Each structure stands twice: as C-alpha cells, then as structure tokens.
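In: no letters, just coordinates:
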C-alpha cells in the first residue's frame, strides 16, 4: 500500500473520522500508529457505535443514494481498513532498549554469573588466587568469597529460585560430565541428586522440577533428582546444553550443536512434556556463531540471548497475520557480553563484559616457574620447523595464521578472515604449512599454504564433504593424516597420499580423532570421542593398544619418541606417558594457571621440551543495565 495514498482519493463518501483512523494506521513514526490490533479495533468500534457510517451516508441534498452506491462505499471503506490493518500488523514493533550501563566490579578476574537473590548477585570466580563462589551487592563492590563448595573442581550450574541452594556438577573424572549435587548457599553438607549425571542444568521457576543435559540428551526430573526421564535425544555427535525454563514453566529452551554440520550452537525449545519441539527463530543468522546464555524476561514477553559477543532479543508476541519476529540487536560494544541475568522485577539486567587476550607462557620444568615466551604475544597452536629456525602460530582471538623466525624476525601473515586457523603444522621440508579451518558455521576443512606467503591457502581436499580436522604430516612428508570430530561415532582417521591424492582409512580407527604421527613414523596417537584414554597404533603390528585411562587431550610427542605429553583435564595438569612401560608422570600443575584461547585448553612443547600455554590476561567484569520495554 502507498503510504501517501489518501482514502478520499478512492471515494469521496468515506467519513472524515474513518479517514483519520486510516491515516493513523499509516503514520511513519511507529509511536504515532496504533500500538496494537486491540487499539485499532477499539477505534473502529467507536466509529460504528457513533453512527458515523450511517450519518455520513445521508446526502446533503434531497436525493437519496441507491442501495448499490451505499454498499460500494461501505465495501471500499472496509477494504481500506483491512489493508491498513494488515499493514499495521506487518510493521516491526518497537524493540526493548538497554540503557544506563554501570560497571559493578573492577578486578578484571575471570568470573561468571550464577544467580540473583534480591540484592545479592552470586558469581563463580576463576582467578589465579581463588577458584570458587562469591557474592556482590547489586550496586557493586568487591566480590566477597564464599568457600562453600565441597571441592573447587566442582562446576557451579545454577541457583535455586528461592536463592537457598546451588546446583553443582562433579566433572573431575570425565571432562565436563559428572554426577549432579546440591549444596546450601549458607553452607552445609552437599547432597547427591539421585543418579543424575550431566554437564548443565537448572531448576524450574517453581523449584519443583530439574532440567539437565548429558551429552546429546535433555532430561527432566523432580527437584531432588528422582523420576528422571528423557525429554529430547539427538544422535551423536550432536550435543545439547544450557537448558532454560520459560517463566510459566511450560517450555524449555536449550542449545543444540551438531558438530558435523556446524561448530555453532542454536536455540531450540520443547514443551515440558516433550511435545512441540521446534527451532527458535529459524532461518535467522546474525553470524555463524554460538547462540548462548538464553533467558526469558520475567514477564515472558521477550527471549534474550548472546551471539557474536553481543546481546540480542526476540519478541515472544504472536498474532494473526503477523510474521514471526526476528532477533534484534540490543548492544554494540567493544567488549564481549554474555551471561545475562534479570532482576525479579525485570527492570535491571546483569551481564558479564570482557576482553579476550592472552600471554604466551613457558613452563620451566626444573623450577616450575612461568615466564612469558616469544615476547608474551597473544598466540596459540605453535609449531616449529624441523630445522628449528622458524615458528608458526595463530593469533588470539583473531584466529589468523603467522610465521616468523624463532627470534621474531621476518614475521608474515599467511591467512585472513573468514578462515579461523587451528593446528598449523610445518611440512618436513619446511616449505609448506598445513592447517585446519574451524570457522564457526562451517565443517572443519584442511588447507595448505606456502611458508613464503604470496598465495592464498588452498583446500587440501576441495571435493570432500567430510570433516577434515587435526592434520599431521608423516615424517617423510609424503602423507597427511586427517581426523574427524570428537564424539562422532562414524569418525575415522584418514591418510592422504600426496603424490596419488588417494585417501585410505587407518585400520581400526573408527570413533577416533586428534591423530598425531610420531617422529619416526612408527606410531600414531589418537583419542576416542569421549577423550577417556590415549590410543596408540603401531604400523609394524597394525594394531591399536590402550594407554592408561583418564580425561585427557592435546597429545604431543617428545622429539625422542619416548613420551606422549597430554593435558590431564581431571587433574588440571600436564602429564606424560612413557611408552616403554606406560608409566604416567605429572609434568606441570596448572591449578592456579588461568588459561584462555579458542578452546581455552591448548598446550604445546617448545624445542627444549618445555610446555607452552596461553595465560589469560583479558579482563572480565560485571555490568548492570536498565531494561526498558516499549
């Protein structure tokens, strides 16, 4: 409809009062239109009740219009009203606003929001000197430590609706998944929640139900963990996480991630009885990034979430002839925002705001001292050329590939966005670097690039649709091994012959990922999908053997091939396994070391065998914002 169209241009018999109603429907400023269909209906009802149509139809002269003329006039008026009604319904509603930003903490230490109880905001601190619960007043101040956790290694998932109890996960044995417990906020004995095992969870608004996730399944149970039942299950390697209840307790939102399709996660919802499963705001993408930290406003009118390090919201209002609302960006800040919590009256919003930055650090084995390495740059995934003269690394958080001399000279950028580089590896002859692109929203792919630059990275297997992760060269440079995605039951370790371009599968490697070729070429180390142990393939015997079990990752071979180094997630340490007798030795204690990076878990080895890590030097603080609904 032409917004400049005057209704009386169609017929001069339309009443002026009706024309004013139509004009108001078509006002360009949204705040000058009718704000709802009920407002428009009220205006129309007032017109018909006042006799506008019948009185206006009376002629000024004595001649009486025909019945057909009067019917045509009424039809034209109704057509205009219907068009105006549809036009109004299809206009985007005014979104909420966030204003009056106030910084509540100023220590910059790593932290996350847990819950809100009146004027107390509960946090989980992850600083260098303290790891555990704390609280601050909603007006700000220094976080007060609350040493109430049974173990500092327990993860804190949620605060109960009445503010009395914390939901915990004991995930020290299985990399994030473990038994669920509760502990009183005021201190007391922890209590196991029946036989529940998960990695994230929260209580319903009335505190009577518990929703929790375990890998690819969403469960609902009674608040004490009894009567647990599966609500939604997806086939591996998908996983679900971060359940959230609607304010009336009728629905559950959760993040679904299918690692074969995309490393990103998207919000879905399901009724609390397991019906009406659907994707929230389907077909919308602000960026191929995680949709995270979703919550409903206390009045249930909006769903708020974080993606692309900013806050977005989508209206929950639905109506006849009204299109499905799309998310609207609320913030645009130089710092990353997440972890939103609403005050009970819905007028204030508390968020985490942070900057991503790291310091490359070397762990000195004889002394246990941590010192900056390579100038303390913010970089990870280091790999050194065979002749020891060159190093390649990935800048954090940009995810771009660089190479330079080991003294920092001749620094050269080798990749650019939208590629996000992981696991670069020098070819044995030092001429090429192979790496994987793990940009969010795309299946991991492997690329080759000249170490001298001057060309764009080229896909290693451009016509291959499968995941191509963790590339590793054979010592003679004739082959490259490729892994799949963790927890993918169909994953295998593949070998690409660079001369024939033929791809073969490493025998017995189904379900394994993260392959690492040993320096001599005799062995391949790899991990199962749950990272519960290290597997070793011997090319001489064509068999796999299992090394000691544990929650491990990031295998790295020693140059003499006597050891495999690993990150021990359960023990928060770096360990090494001696191949000769399978003996496990603890190399570095990381309990007081706050890591960062794309996955916040990488480590490597310097040429002298010292562990390299990325220390978190970014800042994380709590902010409050005023929430204003239209």
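Out: Yep, that arrived. Since the structure is predicted, the reported quantities are computational estimates derived from the model, not experimental observations.

In: neighbours of residue 604, how many?
Out: 19 (other C-beta atoms under 10 Å). Glycine gets a C-beta too; all of them are placed from N, C-alpha and C.

In: for it, give me the pLDDT.
Out: Per-residue confidence (pLDDT) for residue 604: 97.

In: any idea how far it lies from residue 383?
Out: 7 Å (C-beta to C-beta, to the nearest Å).

In: residue 479 now?
Out: 17 Å.

In: again with residue 622
Out: In terms of C-beta to C-beta, residue 622 sits 38 Å off from residue 383.

In: what about those two, which has more around it?
Out: More neighbours surround residue 622 than the other of residue 622 and residue 383, with 25 against 19 (other C-beta under 10 Å).

In: doesn't residue 352 make contact with that one?
Out: Yes: with contact defined as C-beta atoms under 8 Å, residue 622 reaches residue 352; the gap is 6.3 Å.

In: overlap of the contact sets of those two?
Out: When contacts are counted by C-beta atoms under 8 Å, 6 or more residues apart in numbering, the set common to residue 622 and residue 352 consists of 111, 113.

In: low-confidence regions, this protein specifically.
Out: 1-93, 172-175, 259-264, 285-288, 318-323, 440-441 (pLDDT under 70).

In: and the protein, what are its domains?
Out: Following automatic domain parsing, one gets these domains for the chain: 7-89, 97-356+620-628, 373-609.

In: need those domains in CSV (columns: distance to residue 364).
Out: Formatted as CSV, these follow (distance: least, C-beta to C-beta, whole Å):
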stretch, distance to residue 364
domain 7-89, 63
domain 97-356+620-628, 18
domain 373-609, 9
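
In: of the ones you listed, give the one that comes closest to residue 366.
Out: Smallest distance to residue 366 across the domains of the chain (C-beta to C-beta): 10.9 Å, for domain 373-609.

In: need the distance between the two termini of the closest one.
Out: 13 Å (C-alpha to C-alpha, to the nearest Å).

In: what's the answer for stretch 135-152, then?
Out: Terminal-residue distance, stretch 135-152 (C-alpha to C-alpha): 16 Å.

In: so how far is it from its chain's centroid?
Out: Here stretch 135-152 shows a centroid-to-chain-centroid distance of 25 Å under the convention C-alpha atoms, centre = their mean, to the nearest Å.

In: can you point out the buried residues in that stretch?
Out: For stretch 135-152, the neighbour count (16 or more other C-beta atoms under 10 Å) marks 135, 136, 138, 140, 143, 146, 149 as buried.

In: from these, which two are the most distant?
Out: Spatial extent of the buried residues of stretch 135-152 (C-beta to C-beta) is set by the pair 140 and 149 at 24.0 Å.

In: pretty sure residue 297 contacts residue 627?
Out: Yes: at 7.5 Å, residue 297 counts as touching residue 627 under the criterion of C-beta under 8 Å.

In: which one's more surrounded, these two?
Out: residue 627 (24 against 18).

In: partners of the more buried one in the sheet?
Out: For residue 627, the beta-bridge partners are residue 98 (DSSP bridges).
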